[in-house]
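A.B. asks: Below: sequence and its predicted model.
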Amino acid sequence: MKLIDVLYNHLPLPTSQLVGQNLVHVATLAFACLNPQPKSRPTMKEVCEEFLCGQTSLRIPLRMSSFYNL
């Protein structure tokens, strides 16, 4: 399943590379928090630090990104 398929379809897709990167970054963190193994999930402190410091580069165009890529 592609990430684009689960986005709210009433909003236009981001045209900015930075917005696309931020969207992938948030999705990656969200899925890390959903890990079935509680010990593998990031702590809220780690999530906050990631939002404050982390930047993920978009290696695959947003239209092509799948959950597997996250």
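C.D. replies: Received the coordinates, thanks. Numbers count the residues shown, from 1 in each chain.

A.B. asks: Can you verify my assumption that P14 contacts G20?
C.D. replies: Yes: P14 is within contact range of G20, at 4.9 Å (criterion: C-beta atoms under 8 Å). C-beta: built from backbone N, CA, C; applies to glycine.

A.B. asks: So for stretch 1-15, mean pLDDT?
C.D. replies: Looking at stretch 1-15 alone, the average pLDDT works out to 79.

A.B. asks: Near I4, how many other residues are there?
C.D. replies: Residues lying near I4 (other C-beta atoms under 10 Å) number 15.

A.B. asks: That one contacts L13, doesn't it?
C.D. replies: Yes: between I4 and L13 there is a contact at 7.0 Å, judged by C-beta under 8 Å.

A.B. asks: Residue nearest the middle of the protein, spatially speaking?
C.D. replies: A27 (2.3 Å; C-alpha atoms, centre = their mean).

A.B. asks: Against L13, how distant is it?
C.D. replies: A27 sits 14 Å away from L13, going by C-beta to C-beta, to the nearest Å.

A.B. asks: one step back: quick check: phi and psi at the residue nearest to the centre of the chain.
C.D. replies: The phi/psi pair for A27 (degrees, to the nearest 10) reads phi -60, psi -40.

A.B. asks: list residues touching both of A27 and L13?
C.D. replies: Counting by C-beta atoms under 8 Å, 6 or more residues apart in numbering, A27 and L13 have no shared contacts at all.
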